[in-house]
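**Student:** Test case, fold it:
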Amino acid sequence: MRLIRVFPRKTKATPDDDLVRFGPPDILDYADEVHVSVAFTWDIPAAEKLAEQWKFVAPVKIGGPAYEKLGQIYPLDFVPGRYIKPGYTFTSRGCPRRCWFCSVWKRIPEATPIPNFADGWNVLDDNLLACPRPHVEAVFDMLRRQKHRISFTGGLEALSLQDYQVDLLAGLSAKPVCFFAYDPQDEFETLASAARRLLSAGFTRASHRLRCYVLIGFPKDTFEAAEKRLNDIKNVGFTPMAMLWRPEDKAAEKYTPGEEWHQFRRIWTRPAIIHAKSAA
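**Tutor:** Alright, predicted model coming up:
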């Protein structure tokens, strides 16, 4: 079956094969079926417009994380390369935490392994470290076979970090890029402890492989408070990456961060600028 996948925006994880599109069809496009894949709720209007444009080419299905409804059975299967680039993989879904700004736990309230997960070197799991130990160890067995540097861009949770997991991360032949997260409800000492343990295990500040997403711009946040959180994370050994809060429903749209928050975020997503500030 000739399946064209259409995306409302391009990211580093978006597939780039010959059957991927980012806009309306042209006169030469043909397919047996078209899938419009939507990761973010704010892309839904653009995605639905694309679905209307592509329905004249072939039957269209529209879906993705933005369309997953609470209470539905969340898919545990994962087809490598179909909706994200080869090399990216999910080995589990779900999270046991109850973060107010996140909907993952509302769909799958526990970290749930995917049976027969696919190989990859960039792990996108919701909360890999909260999975049962046999699954975590199986994932690292798979990662040791990869010929690329390992990245955990899906995020690693400091609260779940156990000593055996520190050893697994530090034991990879090349130190992986580890993205942790510092969210509003998190205890800072939990992040600081994770940084100390990983640095003691062989990671270094200079490599910038210890990274940390820091949520900013949420309701009642201030630039002063956000900058303090980012600097605090940097000072314990992480390279911070600011993640701008976005409302998921119309009731919260009045709190949408303004352009000044976007400008602030851009500064705090560039490691060269972040560390130049330290050296100044």
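
**Student:** okay, and for the stretch 101-250 of the chain, where does confidence drop off?
**Tutor:** 249-250 (pLDDT under 70).

**Student:** what are the ranges of the helices in it?
**Tutor:** 104-107, 133-143, 163-171, 188-200, 223-235 (DSSP state H, counting those that start in this stretch).

**Student:** what's the offset of the second one from the middle of its chain?
**Tutor:** Distance of helix 133-143 from its chain centroid, counting by CA atoms, centre = their mean, to the nearest Å, is 20 Å.

**Student:** Remind me what it packs against, helices and strands.
**Tutor:** Contacts defined by 3 or more CB pairs under 8 Å, 6 or more residues apart in numbering; DSSP states H and E place helix 133-143 against helix 163-171. (Each C-beta comes from the backbone N, C-alpha and C, glycine too.)

**Student:** ok, and what's touching the helix it packs on?
**Tutor:** For helix 163-171, the external contacting residues (CB atoms under 8 Å, 6 or more residues apart in numbering) are 129, 133, 136-137, 140, 175-176, 178, 197-198, 201-203.

**Student:** cool, and stretch 2-11?
**Tutor:** For stretch 2-11, using CB under 8 Å, 6+ apart, the contacting residues are 14-15, 19-22, 29-40, 43, 46-47, 50-51, 54, 57-58, 82-83.

**Student:** now do stretch 113-121
**Tutor:** 76-78, 80, 86-93, 131-132, 135, 139, 142-143, 145-146, 148-151.

**Student:** Buried subset of those residues, written for ChimeraX?
**Tutor:** For the buried members of the contacts of stretch 113-121, the matching ChimeraX selection, counting by 16 or more other CB atoms under 10 Å, is:
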select :78,80,86,88,89,90,91,92,93,131,135,139,142,143,146,150,151
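
**Student:** for the stretch 1-150 of the chain, what spans make up the strands?
**Tutor:** 3-6, 20-21, 33-37, 60-63, 88-89, 92-93, 112-113, 122-123 (DSSP state E, counting those that start in this stretch).

**Student:** what about the longest one, average pLDDT?
**Tutor:** Averaged across strand 33-37, pLDDT comes to 95.

**Student:** Tell me which strands that strand pairs with, and in which orientation.
**Tutor:** The strands beside strand 33-37 in its sheet (DSSP bridges) come out as strand 3-6 (parallel), strand 60-63 (parallel).

**Student:** export it as PDB, just CAs?
**Tutor:** The C-alpha trace of strand 33-37 is given here as PDB (Å, rounded to 0.1, in the frame of the first residue of the first chain):
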ATOM      1  CA  GLU A  33      -4.200   6.200   1.800                       C
ATOM      2  CA  VAL A  34      -3.100   9.400   3.400                       C
ATOM      3  CA  HIS A  35      -2.400   9.800   7.200                       C
ATOM      4  CA  VAL A  36      -2.300  13.300   8.700                       C
ATOM      5  CA  SER A  37      -0.200  13.000  11.900                       C
END
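
**Student:** Give the burial count for the nearest residue in space to G94 that is not next to it in sequence, as a bare number.
**Tutor:** Distances taken as CB to CB, 6 or more residues apart in numbering place I108 nearest to G94, at 2.9 Å, with adjacent residues excluded. Per other CB atoms under 10 Å, the neighbour tally for I108 reads 18.

**Student:** Repeat that for I27.
**Tutor:** Neighbours of I27 (other CB under 10 Å): 5.

**Student:** same thing with A181?
**Tutor:** So A181, with other CB under 10 Å, has 21 neighbours.

**Student:** And the one 4 residues further on, by the same measure?
**Tutor:** Q185 has 10 neighbouring residues, counting by other CB under 10 Å.

**Student:** How about the one 10 residues further on?
**Tutor:** By the other CB under 10 Å criterion, the neighbourhood of A195 contains 20 residues.

**Student:** so what's it up against?
**Tutor:** Taking CB under 8 Å, 6+ apart, one finds L210, V236, G237, F238 in contact with A195.
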